[in-house]
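structure for the following, please:
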Amino acid sequence: MSETANTSSGRVAVITGAGRGIGAAIAETLRDAGYRVASFDISDAAPEGVLGVACNVTNTESVDEAFKKVEAEYGPVEILVANAGITRDTLLMRMSDEDWEKVLDVNLTGAYRVVRRAVRGMVKQRFGRIVATSSVVALLGSAGQVNYASTKAGLIGMARSVAREVGGRGITFNVVAPGFIQTAMTDVLDEATQKSYAERIPVGRMGTIADVAHAVKFLVEDETGYITGAVIPVDGGLGMGH
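Numbers count the residues shown, from 1 in each chain. Okay, the predicted model is just below:
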């Protein structure tokens, strides 16, 4: 583990959905910056040097047990990144109740469960940094993603409401809204499709998971305690004006 010049001082950070993709990149970035990082995932998979804890965010008891494990190993949780999410894309008229409810339970209610549990300790410590991973589709909308876009928009309302409740206790709650990010899912797209995506983005390229991770790192630092209730777009300008 390498130390950097920021003031993490070994603060304890939990990242949900950190078994792969953006969540893993966030976990690795914070680990390398000197944070003591735990991953909450459906399995206990985690990047090297990160404490892997099995956690089902759709179950309150599972969330509580996962926090207890981190608290026993590292101490009180000071930073939470609510990143876990799933998709079940289909057009509205074909979308089943299960498609809607499952995405809502993981993406929005799951975030609510982990935020509620984390805030308990943060209030006592009078310090906390919470970041939720939303999406550019929260503001732009996306055909075939009514369920997903609704949950990602809901995270913004959650962040701003909680930020007002607990801001006086030294706790901030912000949102990152990634755009088109290059992941294993986008790698399978043909070259023409990837080029068409890039042409819609003012900076002329798709984002990387590192782009998102560094935005999160900025928001959880001690020095950014006067930023709260903000939505930080990590989309190359795709959602400008929204």
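
residues contacting the nearest residue to residue 147 once chain neighbours are set aside?
With CB to CB, 6 or more residues apart in numbering as the criterion, residue 147 has its nearest non-adjacent residue at 4.1 Å, and that residue is residue 103. In this view, the C-beta of every residue, glycine as well, is placed from N, C-alpha and C. If a contact means CB atoms under 8 Å, 6 or more residues apart in numbering, then residue 103 has 86-88, 147-148, 151 as its contacts.

wait, a helix at residue 103?
Yes: checked against DSSP: H, G, I helix; E, B strand; the rest coil, residue 103 lies within a helix.

number of residues surrounding residue 134?
Using other CB atoms under 10 Å as the criterion, residue 134 is surrounded by 29 other residues.

per-residue confidence at it?
Note on residue 134: pLDDT of 97.

what about it, distance to residue 85?
Spatial separation of residue 134 from residue 85 under the definition CB to CB, to the nearest Å is 9 Å.

next: residue 162.
Here the distance between residue 162 and residue 85 works out to 18 Å (CB to CB).

of the two, which one has the most company?
Set residue 162 next to residue 85 and count neighbours by other CB under 10 Å: residue 85 wins out with 25 against 21.

centroid residue for the chain?
Closest to where the C-alpha atoms of the chain average out (CA atoms, centre = their mean) is residue 83, at 2.7 Å.

enumerate every residue touching the nearest residue to residue 126 once chain neighbours are set aside.
If you skip the residues right next to it in sequence, residue 126 has residue 170 as its closest partner in space, 4.5 Å away by CB to CB, 6+ apart. Shown here is residue 170, whose contacts under the criterion CB under 8 Å, 6+ apart are 122, 125-128, 225.

the chain: strands as residue ranges?
Ranges of strands within the chain are 12-16, 36-41, 51-54, 79-82, 128-133, 171-178, 231-234, based on DSSP state E.

okay, those strands in a markdown table with distance to residue 195 and mean neighbour count next?
A markdown table is the format used below for these (distance: least, CB to CB, whole Å; neighbours: other CB atoms under 10 Å):
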| stretch | distance to residue 195 | mean neighbour count |
| --- | --- | --- |
| strand 12-16 | 32 | 29 |
| strand 36-41 | 33 | 28 |
| strand 51-54 | 37 | 19 |
| strand 79-82 | 31 | 28 |
| strand 128-133 | 26 | 27 |
| strand 171-178 | 20 | 26 |
| strand 231-234 | 21 | 20 |
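
any chance of those strands in CSV, with distance to residue 62 too?
Rendered in CSV, the data for the strands of the chain read as follows (distance: least, CB to CB, whole Å):
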stretch, distance to residue 62
strand 12-16, 11
strand 36-41, 9
strand 51-54, 8
strand 79-82, 15
strand 128-133, 19
strand 171-178, 22
strand 231-234, 29
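
residue 93: which of the ones you listed is closest?
Closest approach to residue 93 among these (CB to CB): strand 171-178, 27.3 Å.

what about the helix or strand bottoming out on mean pLDDT in the chain, distance to the chain center?
Evaluated with mean pLDDT, DSSP states H and E, the helix-and-strand set of the chain has its lowest mean pLDDT in helix 184-187, which scores a mean of 68. Between the centre of helix 184-187 and the centre of its host chain there is 19 Å, according to CA atoms, centre = their mean, to the nearest Å.
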